[in-house]
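Trainee: Build me a structure from this.
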Amino acid sequence: MDWMSQEKERGITITAAATTCRWQDHIIHIIDTPGHVDFTIEVERSLKILDGAVAIFDAVEGVEPQSEAVWHQADRYHVPRIAFINKMDRIGADFFGALESMRKKLGANPVPVQLPMGVEDSFRGVIDLIRMKGIEWDEKDMGSTYSDVDIPPDMEEIAKSCRESLIEAASEWDDGVMEKYLNSEDIPDAEIYTAIRRAAISGSVVPVLCGAGLRNKGIQPLIDAIVYYLPAPVDLPPIEGTNPDTGVREIRQSNENEPFSGLAFKIIIDEGRRFTYFRIYSGKISPESVVYNSNKKKKERIARLFKMHANKKERIDVAYAGDIVAAAGLKITSTGDTICDEGSPIIFEPMVFPEPVISVAIEPKSIGDQKKLDISLEKLSGEDPTFSSKVDEETGQIIISGMGELHLEVMVKRLIEDFGVEGRVGKPQVVYRETITRATESMGRFMKEIGDRMHFGEVRLRLEPKGRGGGLEFISVLQDSVIPQEFIQYIRESISTAAMSGVIAGYPVVDVKVILLSAAYKEPESSEIAYRNAAIMAFNEGLRNGEPILLEPVMSVEVACPEDFAGQIIGDLNSRGGKIEKITPRPPVQIIDAIVPLSKMFGYTTDLRSASQGRGTFTMKFSHFDKMG
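Mentor: The predicted structure is shown next:
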């Protein structure tokens, strides 16, 4: 699934890749997502459209920081999960330690449906706790064949105990299983599968399997478990959306006879052509169909439909509710847009994208490359909503922004490899935000003759600071009769535009509540252009009078280091303006959690390596914006 050259070079997943397979008369759509926090958008948009997830954990390390971050993303979307404890053949593998790690770090309720047979070098298979059979894989054919065996005598006791816990968990979700369990009756396997499935779909239980992926041990039962325990589209409630014409909430059943609806979740540029990935929630679609983009209120034609297998495309003639496909021909559809039948319009809940926190300046190596660079950056930002570019009005430099140093490094390399654009890159810079610290009132008045007509608009605003993470809020307290409603919308839009560039250093404005207090109206001089300009003037004046300050991105940092070096590393984090939140002993290492300004974390990889003799590791993710220290 890792098909990009950079993924192969770095040995990590960078972009989410989709494939489709058949298993036990079911169609399974699989999306492989990255684990690195810099590529969190790939996880976010995949979780938005998936019905279930397989979380893979390391049998040696247990729950790692980046796995924890992804798990909590899945919590937000209420995605049912099963877990696979991988690398059971590695030295130090500990199945029950990994389970405990899931309980402590994730607050999950892991329930094993398998146990490992053997561990480390002696790992040879698993015990199926429902069928109470062992499964062994043939070493000669890399795990493609397997056979049922008896449970080893030395594991019978623990297998019985774990099966008891499994049935206890299942009984809470099935009265029939509960009755048989309390009466010590035999419970058919099919009833246990059904009860565990209900528990998993509810999110109250996480069925846990194990294996060694590199040798394909445990893979067939894992795919069985996807069918057994994770929901099909019809197992979940219908998706809700809003009718853009009436504002009324509507639902779409996962049924091919319903009106067509789907959500675009990913755009890619491959060999110069644009492909749009989307999940179909209802109805069906075929090539040459005309669809309605309800966000943009425009129609588009699907030229071709594809079933994707990573970067390989398989043309198809029709796709149905529940399918995940890619289309060529959609030119204006962006990530998060709803496409649907024009006769039954609907808009699904939009996606929320994390804000970029780091930027670098980039310039083409030659004047001839300038236009090529502009086009390439536009395509990259179309693919990845967490990547953006803009021209600094003061310096004329092109500034690209992203989620971290690795994210920008990958994007710059893609410019060279995928688009053939050579560029010089500056040092990483922090992306700040601006806000105000006191409430203020301001007025903007625009009165100017343009062409042969006088334009007039007058707006009075009140700006109030909001709490951190409060965003930008606009409300109007005007009575409907003061000015026409469409002018209020123009004022709202203009303030949103003005907030993209603050008054201190041109950074976006956040955490401000804007109240439209009053507006003057003159017929026939009042116009859209006048109110837009008056709103921007009032907003900028309010920012200047509101004692504006810069906010800097603050990162959540987790450092794992040997105990001997913990004191030195804590001192170093404190010297960077960091706040130590907790220290967790996990012999032989200490886990240090801290909050540190991003501006002080550049080059930390090298400094940590020096301070810990190369034995320390760290992960970092965006936490929040806060006042500069």
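Trainee: Could you pull up phi and psi at residue 86?
Mentor: For residue 86, the backbone dihedrals (degrees, to the nearest 10) come out as phi -90, psi 170.
Trainee: where in the protein is pLDDT low?
Mentor: Applying pLDDT under 70 to the chain flags residues 393-395.
Trainee: Which parts of it are helices?
Mentor: 5-10, 40-49, 65-76, 95-101, 156-171, 175-182, 189-202, 219-229, 370-383, 405-417, 485-498, 528-545, 566-575, 604-611 (DSSP state H).
Trainee: any idea how far residue 380 is from residue 313?
Mentor: 21 Å (CB to CB, to the nearest Å). Backbone N, C-alpha and C define where each C-beta goes, glycine included.
Trainee: ok, the two, which is more surrounded?
Mentor: Taking other CB atoms under 10 Å, residue 313 and residue 380 do not tie; residue 380 has more neighbours (21 against 16).
Trainee: In contact with the more buried one, which residues are there?
Mentor: Taking CB atoms under 8 Å, 6 or more residues apart in numbering, we find residue 380 in contact with 387, 389, 411, 414-415.
Trainee: that older thread, for the helices of the chain, which one sits closest to residue 286?
Mentor: helix 40-49 (20.3 Å; CB to CB).
Trainee: thinking in terms of the whole chain, how far from its middle is the closest one?
Mentor: 4 Å (CA atoms, centre = their mean, to the nearest Å).
Trainee: So which residues make contact with it?
Mentor: Helix 40-49 has contacts (CB under 8 Å, 6+ apart) with 14-16, 31, 33-34, 53, 69-70, 73-74, 76-77, 79, 263, 265-266, 279, 324, 335-336, 351-354, 384-386, 403, 621.
Trainee: Try it again at 7 Å.
Mentor: Residues outside helix 40-49 that contact it (CB atoms under 7 Å, 6 or more residues apart in numbering) are 15-16, 31, 33-34, 70, 73-74, 77, 79, 263, 265-266, 279, 335, 351, 353-354, 384-386, 403.
Trainee: Same check on stretch 102-118?
Mentor: Applying CB under 7 Å, 6+ apart, the external contacts of stretch 102-118 come out as 63, 68, 71, 83, 88, 95, 99, 123-130, 134, 152, 155, 158-159, 162, 165-166, 169, 196, 204-210, 221.
Trainee: Residue 537: how many residues sit nearby?
Mentor: 21.
Trainee: now do residue 581
Mentor: The tally of other residues near residue 581 (other CB under 10 Å) stands at 12.
Trainee: give me every residue that touches the spatially closest residue to it that is not a sequence neighbour.
Mentor: Nearest non-adjacent residue to residue 581, counting by CB to CB, 6 or more residues apart in numbering: residue 593, 4.6 Å away. When contacts are counted by CB under 7 Å, 6+ apart, residue 593 touches 558, 581-582.
Trainee: switch the cut-off to 10 Å
Mentor: Residues near residue 593 by CB atoms under 10 Å, 6 or more residues apart in numbering: 65, 556-559, 579-584.
Trainee: which residues does it bridge with?
Mentor: Going by DSSP bridges, residue 593 is paired in beta bridges with residue 558, residue 582.
Trainee: cool, residue 57 as well?
Mentor: residue 85.
Trainee: Please report how far it lies from residue 125.
Mentor: 19 Å.
Trainee: likewise residue 507?
Mentor: Distance from residue 507 to residue 125, by CB to CB: 57 Å.
Trainee: Give me the more crowded residue out of these two.
Mentor: residue 125 (26 against 18).
Trainee: Not counting residues beside it along the chain, what's closest to that one?
Mentor: Residue 125's closest residue in space is residue 136 (CB to CB, 6+ apart), at 3.9 Å.
Trainee: tell me the contacts of the one you found?
Mentor: So residue 136 contacts 117-118, 124-126, 145-149, 217 (CB under 10 Å, 6+ apart).
Trainee: Export those as TSV, with columns for distance to residue 369.
Mentor: Putting the contacts of residue 136 into TSV (distance: CB to CB, whole Å) gives the following:
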residue	distance to residue 369
117	59
118	58
124	57
125	57
126	55
145	54
146	55
147	60
148	62
149	63
217	50
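Trainee: and of those residues, the nearest to residue 180?
Mentor: Of all those, residue 148 has the smallest distance to residue 180: 24.5 Å, by CB to CB.
Trainee: Would you confirm that the closest one contacts residue 126?
Mentor: No. Using CB atoms under 10 Å, residue 148 is not in contact with residue 126, being 11.1 Å away.
Trainee: Which one's more surrounded, those two?
Mentor: Between residue 148 and residue 126, residue 126 has the larger neighbour count (other CB under 10 Å), namely 29 against 11.
Trainee: hang on, isn't the more buried one packed against residue 221?
Mentor: Yes. Using CB under 10 Å, residue 126 is in contact with residue 221, at 6.8 Å.
Trainee: intersection of neighbour lists for those two?
Mentor: Residues touching both residue 126 and residue 221 (CB under 10 Å, 6+ apart): 113-114, 135, 146, 209-211.
Trainee: hmm, which two among those residues are most spread apart?
Mentor: Longest span within those, CB to CB: 113 and 146, 16.4 Å.
Trainee: The two: who's more crowded?
Mentor: Comparing residue 113 with residue 146 by other CB under 10 Å, the one with more neighbours is residue 113, at 28 against 19.
Trainee: sorry, back to before: quick check on the contacts of residue 380: which are buried?
Mentor: Neighbour-count burial (16 or more other CB atoms under 10 Å) is assigned, among those, to 387, 389, 411, 414-415.
Trainee: Adding distance to residue 503, write the residues you listed out as CSV.
Mentor: Below are these laid out as CSV (distance: CB to CB, whole Å):
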residue, distance to residue 503
387, 26
389, 22
411, 30
414, 35
415, 32
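Trainee: Which one of those residues is nearest to residue 283?
Mentor: For these, the nearest to residue 283 is residue 387 (32.5 Å; CB to CB).
Trainee: and the gap between the residue in the chain sticking out farthest from the centre and residue 189?
Mentor: Using CA atoms, centre = their mean, the residue of the chain lying farthest from its centre is residue 452. It sits 51.5 Å away. Distance of residue 452 to residue 189, given as CB to CB: 84 Å.
Trainee: Thank you, goodbye.
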